[in-house]
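# Task: produce atomic coordinates for the following.
(one chain, ligands or ions: 1)
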Amino acid sequence: MLIGVSLGPGDPDLLTYKAADALRQAEKVFVPGEMAADLVRPYSRPEMLKFPMISDKKKLEEIWAKNADRVASYASRTKTAFACIGDVNTFSTFSHLRRVLKERHPSIEVETIPGVGTIPALASKFGVDLSTSFQVTDGSPVNTMIRMKAVRPAEVAAELREEGFDEFILGTRLYTPEEKIIRGDMPERSDYFSVLYARRRRE
Ligand SMILES: C[S@@+](CC[C@H](N)C(=O)[O-])C[C@H]1O[C@@H](n2cnc3c(N)ncnc32)[C@H](O)[C@@H]1O
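Numbering: from 1, shown residues only. A predicted model of the protein is given here:
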């Protein structure tokens with residue numbers, strides 16, 4: 001099994017208890033860089049995988065495949081972690097690795113642990129609030145929308161469908177004992193602690 005672990009933005013105190021436990025319990029921990037390795041070292045001896053930023057697509061695919069196979073050689077038989085700076089699912093090397101792993105080793109189970117990403121980190125450090133809608137991009141097309149306070153999910157989904165969004169997931173009281181996750185058809189009403197994820201699969 002592979003567990004994607006979020007390390008937070010750099011301060012070791014911003015790593016969660018859950019992340020620390022996962023790093024301690026993993027028999028093998030991989031990291032994509034030196035900053036991640038430093039944050040992991042109090043818990044484990046990480047192995048660094050290189051993900052060079054080159055434009056040769058063929059070479060790049062070979063490197064990704066090699067790294068995925070290396071991770072799979074452990075994850076197929078033992079508890080294995082891949083730890084990333086910030087949140088492991090946000091603009092992360094892990095997401096791409098997970099896709100390649102799924103293609104090449106579909107039987108490996110993958111889970112992730114959320115963490116403090118760049119967005120909450122910058123709000124605290126800059127002393128700014130993010131209390132109304134904001135946009136985050138890395139320059140790629142915006143094909144994901146997250147709606148907070150999703151108390152009328154069906155209505156929001158209908159609006160977003162008009163804009164080409166075609167995949168919807170609603171989460172209520174996530175990471176609590178009352179957690180509920182609904183995919184596909186959205187209900188008319190939902191609890192205040194609800195968040196709606198929408199994706200446009202076609203551009
Ligand atoms: C590959 S992305 C990783 C994002 C990370 N997974 C997250 O949740 O924020 C790398 C980019 O994240 C941002 N980043 C990550 N850690 C940062 C930090 N401590 N301070 C400022 N920016 C950071 C920078 O924009 C950097 O180019």
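
# How about the contacts made by the closest residue to Lys28 other than its chain neighbours?
The shortest distance from Lys28 to any non-neighbouring residue, by CB to CB, 6 or more residues apart in numbering, is to Tyr74 (4.3 Å). All C-beta spots, glycine's among them, are computed from the backbone N, C-alpha and C. By CB atoms under 8 Å, 6 or more residues apart in numbering, Tyr74 lies in contact with 27-28, 80.

# Check the gap between Tyr74 and the ligand for me.
Here Tyr74 is placed at a distance of 22 Å from the ligand (CB to the nearest ligand atom, to the nearest Å).

# OK, now which residue of the chain is nearest to the ligand?
Closest contact between the chain and the ligand, by CB to the nearest ligand atom, is at Gly86 (2.3 Å).

# How many residues are close by that residue?
Neighbourhood size, Gly86 [other CB atoms under 10 Å]: 22.

# quick one: contacts for it?
Neighbours of Gly86 in contact, by CB under 8 Å, 6+ apart: 6-9, 92, 115-118, 121.

# switch to 10 Å and redo it
Residues in contact with Gly86 (CB atoms under 10 Å, 6 or more residues apart in numbering) are 6-10, 14, 36, 92, 115-121.

# just Leu170 next, same as before
147, 150, 153-154, 156-157, 180-187, 190-191, 194-198.

# now those residues: which count as buried?
147, 150, 153, 156-157, 182, 186, 190, 194-198 (16 or more other CB atoms under 10 Å).

# Name the nearest of the residues you listed relative to Lys125.
Lys125 lies nearest to Val195 out of the buried ones among the contacts of Leu170, by CB to CB, at 24.2 Å.

# got the domain boundaries for the chain?
Listed domain ranges for the chain are 2-119, 144-199 (source: automatic domain parsing).

# So which bits of this protein are right by the ligand?
Residues of the chain lying close to the ligand by CB under 6 Å from any ligand atom are 9-10, 84-87, 90-92, 117-118.

# Please, a ChimeraX command that selects the buried ones among the contacts of Tyr74?
The following ChimeraX line selects those of the contacts of Tyr74 that are buried, judged by 16+ other CB under 10 Å:
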select :28,80
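
# Make a markdown table out of the contacts of Tyr74 and add distance to His96 and secondary structure.
Listed next are those as a markdown table, based on distance: CB to CB, whole Å; DSSP: H, G, I helix; E, B strand; the rest coil:
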| residue | distance to His96 | secondary structure |
| --- | --- | --- |
| Glu27 | 24 | coil |
| Lys28 | 20 | strand |
| Thr80 | 17 | strand |
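
# want to throw the contacts of Tyr74 into CSV with pLDDT and distance to Asp21?
Listed next are those as CSV, based on pLDDT from 0 to 100; distance: CB to CB, whole Å:
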residue, pLDDT, distance to Asp21
Glu27, 97, 14
Lys28, 98, 16
Thr80, 98, 15
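
# In contact with Leu60: list those residues for me.
51-54.

# ok, back up a step: in CSV: the domains of the chain, plus distance to Asp138.
CSV is the format used below for the domains of the chain (distance: least, CB to CB, whole Å):
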stretch, distance to Asp138
domain 2-119, 6
domain 144-199, 12
